[in-house]
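Student: heads up, no residue letters with this:
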């Protein structure tokens, strides 16, 4: 439901200029009309819907721009002609195809990306582009005056015949004009057309010598344009074919018109949707142009604008203001010097309120809030307005009477230069009486005045607040900043003194002020001094708060980055460890398998060589443990060939073979690899680094394993542990027979060892030694 705001009040606040700006941003006639008819609402749901639509359109524009670069033609008149049975001409059909084409563009633009904009997506989903009809029109109609040859087989055949006949006629006429018999009779040896028929220009004196039909003559009468008889019949045939061509074109256009008529309602619905989308995106472009924000809405009569800017003042000149009414006070009285910005402040509040109620974003900062008023009234004395018009006291009072007669509780009243235009004493009293009427009825009012009595009224009355426009006494210029809570000060004496008026005159003038007037001015001076101090304190507090917030954000970001790095390092370390374990297990299994195969080799020297090779491989595959890492320095060296180093990327030691710039070739076990210089660290060379790993497999050189072991003097438990380990080494080293020296003694150690050997899978057989092997004091063991 629309508000009851009068056109007079809208005009006073220059709402019409905002509408003109909005209309200029549309691209369809329908959108233009919707923008022109925009009017403030007092239904909060309607306002919210418009604001949300505008917000979604801004999201589309910000994400992917907008596909429209020009204006679209209004085809509603064409559709009306079609509805009453008219047939369309080629130009009208092309206009319809362009609309259908744009419908498809808009549909794809809206639906191809999911931006979470449900309102606009709903519009896009309803568009029916009718691609086949559009393609058919575009394939058959070349321009507003030309139909394609391939529009139908019949048209193609007719035009081919016409073309062939034209060729034949020209050939015949060429033979005539180039004939020696006719050359002297021709004015010029050319072929031309008169009344749609081919003719040749013949001199007047030879008209009887050329057999044919005269169609025209030159202005002087010296030349006759004659159609020679040999081509008359051919020209007649062309005329007949041209009639057929015209009938076939009419048939094609009629067929296309009928097809459009069948989907007329769909096209009309598409046009309506395009108009709505145009209206929505125009509002978004206006918001973008004004750097405007979505205002918050309330039904509590609170208007609070932050850094509000009048949208009709150039951006390089406008001064943002903070203005509010309705929360802590219902009446705001703005005072200050003439041309200081009082009226602009008043208009800014009123115009931004109207824009918000119309579903438009407002040029202010986020957090700005507007009330959904039932009505807005404005009595603005245009003596200092943007339009520079004039007003009188009587017109002011007449307007105020109109406002009082129509005002309701949920209204906003804007009064400019209250009580002006009459005796100051009476004007001030009248102004106070008017404000008191509105205050008692709980109506929100913003008023401007220069009367001290009104300032005093605002100071002592509840729910009434003073405000002033700032004036820089050092430059004698207004700053146009609005300060709520501080009454405006009359700067007449100070300005006069700065401009050079004699101090004696100024002092004499002050004597004529009453005590109350002097006290009021002193009070204002104190308030101004306190305001400046409070403003400075506020600025310092804001600066400190911003610095703290900035430091907090930086610390949070650094903490987040460190946490991400920590998680990544741990993940990489775990991945690398898992890969290394997996590879080591695979390698160990391979070596064990090969060792088992080596047991089958009879050639002992070859077997020893293979075992030594496998032992080296195993040592090279294993990574250094903490003992090695303790000997690795944490900084790169000046590298030279032959140096021992540690390779960080693979976790192994190696030796430098060759240096090529920042690339280094190293020997790492059995591998030769090339790494970056930064990947290398120094290894202490004071002592031999030993690599040890607890594993399921341990290799020793064959030469270190004796074919016999002496366990005499051990108890049985210790002896079994030693023998078990010894048999493991002997088995892996490929020994086939070993001797266990246990002595004769009481036989406990001998019998216990024999019991152990009976259950050992590595043992093929065992026996007591022969006399030359040690007799009963030795057990000879055959290994598998």
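Tutor: Structure's in. What do you need? The model shown is predicted, which means the values in this text are computed figures rather than measured ones. Numbers count the residues shown, from 1 in each chain.

Student: and residue 90, what pLDDT?
Tutor: For residue 90, the model assigns a pLDDT of 95.

Student: What is the strand or helix carrying residue 234 packed up against?
Tutor: Per DSSP states H and E, residue 234 falls inside helix 232-262. Using 3 or more C-beta pairs under 8 Å, 6 or more residues apart in numbering; DSSP states H and E, the elements in contact with helix 232-262 are helix 76-83, helix 90-111, helix 131-140, strand 146-147, helix 153-177, strand 197-203. Bear in mind the C-beta positions are built from the backbone N, C-alpha and C, glycine included.

Student: Any idea how many residues pack against residue 321?
Tutor: Counted with other C-beta atoms under 10 Å, the neighbours of residue 321 add up to 24.

Student: Quick check: it touching residue 481?
Tutor: Yes: with contacts counted by C-beta atoms under 8 Å, residue 321 reaches residue 481, the gap being 6.7 Å.

Student: circling back: mind listing what's buried along the helix holding residue 234?
Tutor: Burial within helix 232-262, assessed by neighbour count using 16 or more other C-beta atoms under 10 Å, is assigned to 234-235, 238, 241, 244-245, 248-249, 252-253, 256-257, 260-261.

Student: intersection of neighbour lists for residue 321 and residue 481?
Tutor: residue 341 (C-beta atoms under 8 Å, 6 or more residues apart in numbering).

Student: picking that back up, let me know the next secondary structure element after the helix holding residue 234.
Tutor: helix 264-290.

Student: quick one: the helix or strand following that next one to chain centroid distance?
Tutor: As assigned by DSSP H and E, the chain's next helix or strand after helix 264-290 is strand 296-298. Between the centre of strand 296-298 and the centre of its chain there are 26 Å (C-alpha atoms, centre = their mean, to the nearest Å).

Student: Same question for stretch 141-156.
Tutor: 45 Å.

Student: can I get the helices and strands packed on helix 232-262 in JSON lines with distance to residue 212?
Tutor: Formatted as JSON lines, the helices and strands packed on helix 232-262 follow (distance: least, C-beta to C-beta, whole Å):
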{"stretch": "helix 76-83", "distance to residue 212": "46"}
{"stretch": "helix 90-111", "distance to residue 212": "37"}
{"stretch": "helix 131-140", "distance to residue 212": "39"}
{"stretch": "strand 146-147", "distance to residue 212": "32"}
{"stretch": "helix 153-177", "distance to residue 212": "10"}
{"stretch": "strand 197-203", "distance to residue 212": "8"}
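
Student: if we compare these, which one ends up closest to residue 187?
Tutor: strand 197-203 (4.2 Å; C-beta to C-beta).

Student: which other helices and strands contact the closest one?
Tutor: On a contact count with 3+ C-beta pairs under 8 Å, 6+ apart, strand 197-203 meets helix 153-177, strand 192-194, strand 212-217, strand 223-228, helix 232-262.

Student: Mind giving me the packing neighbours of the shortest one?
Tutor: In this structure, strand 192-194 makes packing contacts with strand 197-203, strand 223-228, judged by 3+ C-beta pairs under 8 Å, 6+ apart.

Student: Take the ones you listed and write them to a markdown table, including mean pLDDT and mean neighbour count.
Tutor: A markdown table is the format used below for these (pLDDT from 0 to 100; neighbours: other C-beta atoms under 10 Å):
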| stretch | mean pLDDT | mean neighbour count |
| --- | --- | --- |
| strand 197-203 | 89 | 21 |
| strand 223-228 | 88 | 21 |
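
Student: need the helix or strand of this structure with the lowest average pLDDT.
Tutor: Lowest by mean pLDDT, DSSP states H and E among the helices and strands of the chain is helix 626-629, with a mean of 43.

Student: Skip ahead from that one and say which helix or strand is next.
Tutor: Following helix 626-629 in sequence order, the next helix or strand is strand 644-647 (DSSP H and E).

Student: counting contacts, what elements does that following strand pack onto?
Tutor: Judged by 3+ C-beta pairs under 8 Å, 6+ apart, strand 644-647 is in contact with strand 652-660, strand 663-668, strand 680-682.

Student: Can you give the distance of the last one from its chain's centre?
Tutor: From the chain centre to the centre of strand 680-682 is a distance of 48 Å (C-alpha atoms, centre = their mean).

Student: before we move on, back to that, what's the closest of the buried residues of helix 232-262 to residue 65?
Tutor: Nearest to residue 65 out of the buried residues of helix 232-262 is residue 260 (C-beta to C-beta; 31.1 Å).

Student: measure that closest one to residue 571 for me?
Tutor: According to C-beta to C-beta, to the nearest Å, residue 260 stands 64 Å off from residue 571.

Student: Same check on residue 333?
Tutor: With C-beta to C-beta as the criterion, residue 333 and residue 571 are 67 Å apart.

Student: and what of residue 440?
Tutor: Computed with C-beta to C-beta, the distance linking residue 440 and residue 571 is 72 Å.

Student: from what I can see residue 363 touches residue 308, true?
Tutor: Yes: shown here, residue 363 and residue 308 form a contact pair, counting by C-beta under 8 Å, at 6.9 Å.

Student: what's residue 308 sitting at in phi/psi?
Tutor: Here is the backbone geometry of residue 308 (degrees, to the nearest 10): phi -70, psi 140.

Student: What's the per-residue pLDDT of it here?
Tutor: We have a pLDDT of 94 for residue 308.

Student: same question, the one 5 residues further on
Tutor: With respect to pLDDT, residue 313 has a value of 92.

Student: can you tell me how far it sits from residue 283?
Tutor: 21 Å.

Student: So these two - more neighbours on which side?
Tutor: Taking other C-beta under 10 Å, residue 313 and residue 283 do not tie; residue 283 has more neighbours (29 against 16).
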